[in-house]
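Enquirer: next input, structure requested:
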Amino acid sequence: MENVANCLISRNEKNVIWAKLKETIIIIALKETNEKVFKLNQTAAYIWEHCDGKKNVEELVNALCEQFAVDKDTALKDTFEFIEKMENKHLMDVTNGSK
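Expert: Numbers count the residues shown, from 1 in each chain. Here you go, the predicted model:
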């Protein structure tokens, strides 16, 4: 996932049910993955909720830094790892280009 700072990130909600329970999100994948249930921690839940196809990676990282008082390098690493995992499970889409 090189050079994705300006890529737009969106949840792929096709064949997915998800719900927020306090500060956790539970995702149930109905198709396309061997792993069916995902329990997201607070950081991953924040990223998932804010991946609306309108925000790019840089905006997500900046929002994480502000929301969780974390440094940019840590937020960037966590964001990339989460997006990559969700993209590999067909639960997120990364779109090149700017808004």
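Enquirer: can you pull out the helices in this structure?
Expert: If DSSP state H is used as the criterion, the helices of the chain fall at 42-50, 57-68, 72-88.
Enquirer: of all these, which lies closest to Glu23?
Expert: helix 42-50 (4.6 Å; CB to CB). Quick note: C-beta positions are derived from backbone N, CA and C, even for glycine.
Enquirer: that closest one: which residues count as buried?
Expert: Using 16 or more other CB atoms under 10 Å as the test for burial, helix 42-50 gives Thr43, Ala44, Ala45, Tyr46, Ile47, Trp48, His50.
Enquirer: want to throw the helices of the chain into a markdown table with mean pLDDT and distance to Asn12?
Expert: Below are these laid out as a markdown table (pLDDT from 0 to 100; distance: least, CB to CB, whole Å):
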| stretch | mean pLDDT | distance to Asn12 |
| --- | --- | --- |
| helix 42-50 | 93 | 11 |
| helix 57-68 | 93 | 16 |
| helix 72-88 | 92 | 8 |
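Enquirer: just these: most buried one?
Expert: Among the helices of the chain, helix 42-50 has the highest mean neighbour count (mean count of other CB atoms under 10 Å), at a mean of 19.
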